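K.L.:
Okay, predicted coordinates and the sequence, questions at the end:
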Amino acid sequence: GAVVSQHPSRVICKSGTSVKIECRSLDFQATTMFWYRQFPKKSLMLMATSNEGSKATYEQGVEKDKFLINHASLTLSTLTVTSAHPEDSSFYICSASTGPANTEAFFGQGTRLTVV
Amino acid sequence: QKEVEQDPGPLSVPEGAIVSLNCTYSNSAFQYFMWYRQYSRKGPELLMYTYSSGNKEDGRFTAQVDKSSKYISLFIRDSQPSDSATYLCAIFTGGGNKLTFGTGTQLKVEL
């Protein structure tokens, strides 16, 4: 299957600082990338959908000013958690779609964010 | 009612057992049905997907969909300790581009 690389795999930051997470599709062009958040023993919660060159579409209840998403190229999307607080601590996962149908979404390995 | 319901487990079985994992869904518009495997602290990995009622087999894995009952299953034959992971069902409506996940079932296959 296609490879999606997510970096960093884990990060610890101080409360009030910003953290950037990168998601790269290594061997295909991803027209659409998705960002999820996963709490322990909970389902993946879709945060936003990003299409290359356009603004991300955020799910209801997700603060767009807090979770900044940029999809500057067909192989790279970034999620920036701004002014992070301890309640933002979570597992963040990106996925990339090889086409509009998204019947095969390839996931990154996830980023464990801890805000202290 | 959640769109996708899945028993979180944990489910513990002996090596070699047949495992049955299940999900129910509420929206009859759902068209594609996926199963993902997620190891601890890793991203999900797609195992199988299907879009019609019936069975689809891939090695030791069989995905089953019953649209009339809105019920999907994943069977694992000859389970191995390496199958120990969380299994998530996900359902996708072809008209949009959004996957709706179940909570995942934690499976442990013991020696």
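P.N.:
Right, received. Where do you want to start? Numbers count the residues shown, from 1 in each chain, chains lettered A, B, ... in the order given.

K.L.:
Taking chain B, what residue is nearest to chain A?
P.N.:
The shortest separation between chain B and chain A is 3.7 Å, found at B:Gly43 (distances taken as CB to the nearest CB). For the C-beta atoms, the positions are set from N, CA and C on the backbone; glycine is no exception.

K.L.:
isn't that residue right up against A:Gln109?
P.N.:
Yes: the pair B:Gly43 and A:Gln109 qualifies as a contact (CB atoms under 8 Å) at a distance of 4.7 Å.

K.L.:
residues shared between the contacts of these two?
P.N.:
A:Gln6 (CB atoms under 8 Å, 6 or more residues apart in numbering or on different chains).

K.L.:
Among those two, which residue is more densely surrounded?
P.N.:
The neighbour comparison of B:Gly43 against A:Gln109 (other CB atoms under 10 Å in any protein chain shown) goes to B:Gly43, with 22 against 17.

K.L.:
Report the beta-bridge partners for A:Val11.
P.N.:
With DSSP bridges as the criterion, A:Val11 is bridged to A:Leu113.

K.L.:
Spell out which residues of chain B are next to chain A.
P.N.:
Residues of chain B found near chain A, taking CB under 8 Å from any CB of the partner chain as the criterion, are B:4, B:6, B:8, B:32, B:34, B:36, B:41-46, B:49, B:51, B:88, B:92, B:94, B:97-99, B:101-104, B:106.

K.L.:
Throw together a PyMOL command that grabs the buried residues out of the residues you listed.
P.N.:
Buried residues within the residues of chain B next to chain A, as defined by 16 or more other CB atoms under 10 Å in any protein chain shown, are selected in PyMOL through the command that follows:
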select buried, chain B and resi 4+6+32+34+36+42+43+44+46+49+88+92+97+99+101+102+103+104+106
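
K.L.:
By proximity to chain B, which residue of chain A wins?
P.N.:
Among all residues of chain A, A:Phe107 sits closest to chain B, at 3.7 Å; criterion: CB to the nearest CB.
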